[in-house]
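**Student:** got a predicted model here, sequence first, then my questions.
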Amino acid sequence: MQINIYYKTGQGNTFGEQLDNLLSHYTPKGNTIRLVLFGNPENRQEFHDQRRLASQKLSSYFEGRPPVFTYVAQPPVERFQLAMEVTELETEIGTQIFYKQKDDLPYIIVQTGGVKVLFVGGASGDEEEDCIQKQSEMIFSGLEEIFRLEGMPVSSIVRQWNYIEKITRIAGKHQHYQEFNDARSRFYLNTEWHDGFPAATGIGTEYGGVIVDLDAVYTNGSDIRIVALNNSLQVPAHDYSKAVLIAPDDEKCSGVTTPKFERGKMILRGGEGTIYVSGTAAIRGETSYINQGIEEQTRITLENIEHLISLETLAGSGAKKFTKAEISSLRIYLKEVSFFEPCKRIVEEIYPGVPAVYLKADICREELLVEIEGMARVKLWSD
């Protein structure tokens, strides 16, 4: 089972026209599992209206069996107003795909050869009523129930995307991102993370409150290996000191909680592997590079990613017979639209031809100008 990610952009005068344009030019190459739309709603009501319209159109297009879907209020920074990330699976004979729903949240189960994979998209709280912490707790409570129903441990999460409205805003004594981290830490408390925490991204949005997407893999005695990857140039995020956290102590977690994710997560099966690269920025140790422009921050960020997927890192994680990983897709988050051209020039020098999307988004530290995530592939050496 191989995951492929690529991007499409839509043209038109309205959101509906752009989405129709996207779908009219989309011919699935495999089993479509996840779609993420990135758009530029002008206000909260428009965000909800556009998300509702997209859900209806996707359900119709996929004849009632749509992929999991997320609409994110992050404007594409190129000339297009709407971009779509497509996740497709190349499946083997005997693979079964189940389209399910818990309350109002659809999810997909893929089963093959003793492996059970869960895909969730668009899990959200009620941002009209609740603070970031309560929204996050509501989401994690719903997700916990899905894991219980499917007989999968929460620790089977391998990748998580966390979209947080106004991520660096301080409400009272609490930063939005830290409120989310506290709720995530409490969600993770009741499980053993033998293979490390998930790969993850925590990124800002204009609207939507808190939205969570995730992939989970339950091996159940199969030949899959799941390996946590960390970067010797950076302190693991879950080991950050209080110096870089913005919050009072969380009583339920006995202190300020850290962001619970690894720099990457590798899924190995047979002679191939997939690496989820977490959201990565210009941080060395646990300290941001400050007083650096977009070009320097982009180069430092890409150096961090290259070191994460290097032969040295893979060998240190026990994957000694694999080739150097090759990046297969990228998401690039930019704090300002004006950073697009210099950032793109550097990214394309290092990763020419790699499918990528550039989005305007607030990043979890005010001083950071760019954050990059992606996926990579590895293969066994052939003799």
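**Tutor:** Sure thing, it's come through. This structure is a prediction, so every number in the text was calculated from the model and none was measured.
**Student:** for the rest of this, base every contact and every neighbour count on C-alpha atoms.
**Tutor:** Will do.
**Student:** what packs against the worst-scoring helix or strand of the chain on mean pLDDT?
**Tutor:** Ranked by mean pLDDT, DSSP states H and E, the weakest helix or strand in the chain is strand 287-288, scoring a mean of 72. On a contact count with 3 or more Cα pairs under 8 Å, 6 or more residues apart in numbering; DSSP states H and E, strand 287-288 meets no helix or strand.
**Student:** sheet partners, orientation included, of that strand?
**Tutor:** Sheet pairing of strand 287-288 (DSSP bridges) gives strand 283-284 (antiparallel).
**Student:** same question for the strand it pairs with, mean pLDDT?
**Tutor:** Strand 283-284 shows an average pLDDT of 84 in the prediction.
**Student:** pLDDT weak spots in the stretch 151-300 of the chain?
**Tutor:** Along the stretch 151-300 of the chain, the model assigns pLDDT under 70 to residues 221, 242-255.
**Student:** the strands in it, which residues?
**Tutor:** 157-165, 170-171, 174-175, 199-205, 210-218, 225-229, 264-269, 272-280, 283-284, 287-288 (DSSP state E, counting those that start in this stretch).
**Student:** count the residues that sit near the closest residue to P76 other than its chain neighbours.
**Tutor:** For P76, ignoring the flanking residues on the chain, the nearest one in space by Cα to Cα, 6 or more residues apart in numbering is L359 at 4.4 Å. Look at L359: counted by other Cα atoms under 10 Å, it has 25 neighbours.
**Student:** could you do K344 as well?
**Tutor:** Neighbours of K344 under the rule other Cα under 10 Å: 17.
**Student:** that's a helix at it, yeah?
**Tutor:** Yes: applying DSSP: H, G, I helix; E, B strand; the rest coil, one finds K344 inside a helix.
**Student:** would you mind measuring from it to V357?
**Tutor:** Taking Cα to Cα, to the nearest Å as the measure, K344 falls 10 Å from V357.
**Student:** same deal with E303?
**Tutor:** Relative to V357, E303 is positioned 19 Å away (Cα to Cα).
**Student:** neighbour count winner among these two?
**Tutor:** Each of E303 and V357 has its neighbours counted (other Cα under 10 Å); V357 has more, 22 against 15.
**Student:** look at that one and give its secondary structure.
**Tutor:** Classified using three-state DSSP, V357 is strand.
**Student:** in the sheet, who's paired with it?
**Tutor:** When assigned by DSSP bridges, V357 has beta-bridge partners R331.
**Student:** what sits against it?
**Tutor:** Residues in contact with V357 (Cα atoms under 8 Å, 6 or more residues apart in numbering) are 7, 76, 83, 330-332.
**Student:** again, only this time at 7 Å
**Tutor:** Shown in contact with V357 (Cα atoms under 7 Å, 6 or more residues apart in numbering): 7, 330-332.
**Student:** quick one: D182 and Q135, what's the gap?
**Tutor:** Between D182 and Q135 the computed distance is 12 Å (Cα to Cα).
**Student:** how about the helices in this protein?
**Tutor:** Counting by DSSP state H, the segments of the chain that form helices are 15-24, 44-61, 132-150, 176-188, 294-308, 311-316, 340-350.
**Student:** and these: which comes nearest G209?
**Tutor:** helix 132-150 (6.8 Å; Cα to Cα).
**Student:** picking up where we left off before, same list, the helices of the chain, but as JSON lines with distance to G270 please.
**Tutor:** JSON lines is the format used below for the helices of the chain (distance: least, Cα to Cα, whole Å):
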{"stretch": "helix 15-24", "distance to G270": "35"}
{"stretch": "helix 44-61", "distance to G270": "34"}
{"stretch": "helix 132-150", "distance to G270": "25"}
{"stretch": "helix 176-188", "distance to G270": "30"}
{"stretch": "helix 294-308", "distance to G270": "22"}
{"stretch": "helix 311-316", "distance to G270": "16"}
{"stretch": "helix 340-350", "distance to G270": "29"}
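**Student:** lowest mean pLDDT across these, which one is that?
**Tutor:** When the helices of the chain are compared on mean pLDDT, helix 311-316 scores lowest, with a mean of 82.
**Student:** what residues of that helix count as buried?
**Tutor:** Neighbour-count burial for helix 311-316, counted by 16 or more other Cα atoms under 10 Å, picks out 311, 313-314.
**Student:** cool, stretch 35-49 as well?
**Tutor:** By 16+ other Cα under 10 Å, the buried positions in stretch 35-49 come out as 35-41, 44, 47.
**Student:** what count of nearby residues applies to R269?
**Tutor:** Per other Cα under 10 Å, the neighbour tally for R269 reads 15.
**Student:** I'd assumed M375 was in contact with G273.
**Tutor:** No: at 10.6 Å, G273 does not count as touching M375 under the criterion of Cα atoms under 7 Å.
**Student:** identify the residues contacting stretch 141-155?
**Tutor:** Stretch 141-155 has contacts (Cα under 7 Å, 6+ apart) with 102, 191-193, 218.
**Student:** at 8 Å instead, please
**Tutor:** 102, 187-188, 191-194, 197, 218.
**Student:** try stretch 368-377
**Tutor:** Contacts of stretch 368-377 (Cα under 8 Å, 6+ apart): 201, 272-282, 288-290, 293-294, 297-298, 301-302, 309, 325-336, 363.
**Student:** measure how far that stretch is from the centre of its chain, please.
**Tutor:** Relative to its parent chain, stretch 368-377 has a centroid offset of 10 Å by Cα atoms, centre = their mean, to the nearest Å.
**Student:** stretch 365-382 now?
**Tutor:** The answer for stretch 365-382 is 11 Å, by Cα atoms, centre = their mean.
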